[in-house]
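**Q** sequence-free structure coming up:
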């Protein structure tokens, strides 16, 4: 199920670490193989790798068995679980990881420490670099950030700002690079919540399309764990990224609705209700969320709450969109109340 397989993988990986600590190489190998198999079938989060006391040994075990790609995934997913300077079979010194959170208030951490940008336009530049994986030329950055300055002065300011941003992200991380006249962020040096959302949400859609609803639920839940609010919420430059903000919001709402549908089918009514409520916090006139709540209340035998939710839907639609509930919503209300 949605919970059982990830839990089994977590237990297997933790058991591998414990067996290795006890010197039982055979048991460690068996448990590791079982955990890796579940991870590759998922993929599911390496939850033991989020614990600093476990992560270094788990990384060494994975590396010793030739799972270098999973080592890289663990480092990316849990950037602060392996202490700086940790050495061993994994490959020597691990540089400070950069964690960038752009859902909700923008936060940047290097090696676990919050970055306090010294220039107001530094996070704006970082946001543009994140949104442009192919990078930015000096002229493009000048046009975006210093359009009010003379051209040469604007280019000079870009050079200064890039130099400052490189220092603030840590020169030893190799995160901000310049090649062929373009500045860009190295993906392997940066953990970024929006990129994690993209991967998990895309995997969820693929699983949903092939009919694997349990697997889709796992991926959608992982995506929602990343989504703490609108992209760059509260930032003075948020409006520059409005199309991306709207796209991520739509993706999060879709994931919430599908998770809610799955949880309703599993009779996890409280979880499903919370998903629907989260949608309505963002989109009060979202008819799908109102219909989901009506179906939940019907399953619970609460005919009065079904009527109340329909009425709330009608009020929201009139207030937000100056329209009435769709025929689908009216038909659902009538069918649910007829069975009550």
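**A** Cool, the structure landed. Only a predicted model underlies this, so the values are computations on that prediction, with no experimental measurement involved.
**Q** Disregarding residues adjacent in the polypeptide, which is nearest to residue 189?
**A** Using CB to CB, 6 or more residues apart in numbering and skipping the chain neighbours, the partner closest in space to residue 189 is residue 175 (4.1 Å). (C-beta placed from N, C-alpha, C; glycine too.)
**Q** Isn't that neighbour up against residue 99?
**A** No - contact criterion CB atoms under 8 Å: residue 175 and residue 99 do not qualify, at 11.2 Å.
**Q** shared neighbours, these two?
**A** Jointly contacting residue 175 and residue 99 under the rule CB atoms under 8 Å, 6 or more residues apart in numbering are residue 190.
**Q** Mind checking which of the two has more residues around it?
**A** Applying other CB atoms under 10 Å to residue 175 and residue 99 shows that residue 175 carries more neighbours, namely 26 against 20.
**Q** who does the helix of greatest length in the chain touch, helix- and strand-wise?
**A** Counting residues, the longest helix found in the chain (DSSP state H) is helix 242-265. On a contact count with 3 or more CB pairs under 8 Å, 6 or more residues apart in numbering; DSSP states H and E, helix 242-265 meets helix 193-209, helix 213-226, helix 269-282, helix 287-299.
**Q** Please state the offset of it from the chain centre?
**A** 12 Å (CA atoms, centre = their mean, to the nearest Å).
**Q** What of stretch 228-237?
**A** Relative to its chain's centre, stretch 228-237 lies at 15 Å (CA atoms, centre = their mean).
**Q** Touching it from outside, list them.
**A** Stretch 228-237 is contacted by residues 101-106, 123-124, 127, 193-194, 238, 241, 244-245, 248-249 when judged by CB under 8 Å, 6+ apart.
**Q** Which residue ranges of the stretch 1-150 of the chain form strands?
**A** 98-101, 107-110, 113-114, 136-137 (DSSP state E, counting those that start in this stretch).
**Q** quick one, phi psi at the residue nearest to residue 189?
**A** Note on residue 175: backbone dihedrals following degrees, to the nearest 10 are phi -70, psi -40.
**Q** now residue 283
**A** Taking degrees, to the nearest 10 as the convention, residue 283 sits at phi -130, psi 80.
**Q** Around it, count how many other residues there are.
**A** Applying other CB under 10 Å, we find 17 residues neighbouring residue 283.
**Q** which residues touch it?
**A** So residue 283 contacts 253, 289 (CB under 8 Å, 6+ apart).
**Q** ok, back up a step: can you tell which of the helices and strands packed on helix 242-265 is closest to residue 255?
**A** For residue 255, the closest of these is helix 213-226, at 4.1 Å, according to CB to CB.
**Q** buried residues in that closest one?
**A** Neighbour-count burial for helix 213-226, counted by 16 or more other CB atoms under 10 Å, picks out 215-224, 226.
**Q** just curious, which of these is nearest to residue 160?
**A** residue 226 (32.8 Å).
**Q** State the distance from the closest one to residue 106.
**A** 14 Å (CB to CB, to the nearest Å).
**Q** Put together JSON lines for the helices and strands packed on helix 242-265, with mean pLDDT on each row.
**A** Listed next are the helices and strands packed on helix 242-265 as JSON lines, based on pLDDT from 0 to 100:
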{"stretch": "helix 193-209", "mean pLDDT": "94"}
{"stretch": "helix 213-226", "mean pLDDT": "93"}
{"stretch": "helix 269-282", "mean pLDDT": "96"}
{"stretch": "helix 287-299", "mean pLDDT": "98"}
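**Q** ok, and the closest non-adjacent residue to residue 182?
**A** Closest to residue 182 by CB to CB, 6+ apart is residue 135, at 3.8 Å.
**Q** what sits against that neighbour?
**A** 129, 179, 182-185.
**Q** can we see that at 7 Å?
**A** Neighbouring residues of residue 135 by CB atoms under 7 Å, 6 or more residues apart in numbering: 182-184.
**Q** Give me the buried subset of those residues.
**A** 183-184.
**Q** what's the span of stretch 108-125, first residue to last?
**A** Using CA to CA, to the nearest Å, the span of stretch 108-125 from its first residue to its last is 13 Å.
**Q** And the contacts of that stretch?
**A** For stretch 108-125, the surrounding residues in contact (CB under 7 Å, 6+ apart) are 80, 84, 96-100, 106-107, 141, 145, 161, 164-165, 168-170, 173, 237.
**Q** now do stretch 155-166
**A** For stretch 155-166, the surrounding residues in contact (CB under 7 Å, 6+ apart) are 118-119, 121-122, 125-126, 138, 141-142, 145-146, 149, 176, 183.
**Q** if I read this right, the residue nearest to residue 189 contacts residue 169, doesn't it?
**A** Yes - applying CB atoms under 7 Å as the test, residue 175 and residue 169 come out as touching, 4.6 Å apart.
**Q** Need the residues touching each of those two.
**A** Listed as contacting both residue 175 and residue 169 by CB under 7 Å, 6+ apart are residue 98.
**Q** List the buried residues in stretch 203-216.
**A** In stretch 203-216, counting by 16+ other CB under 10 Å, buried: 203-205, 207-208, 215-216.
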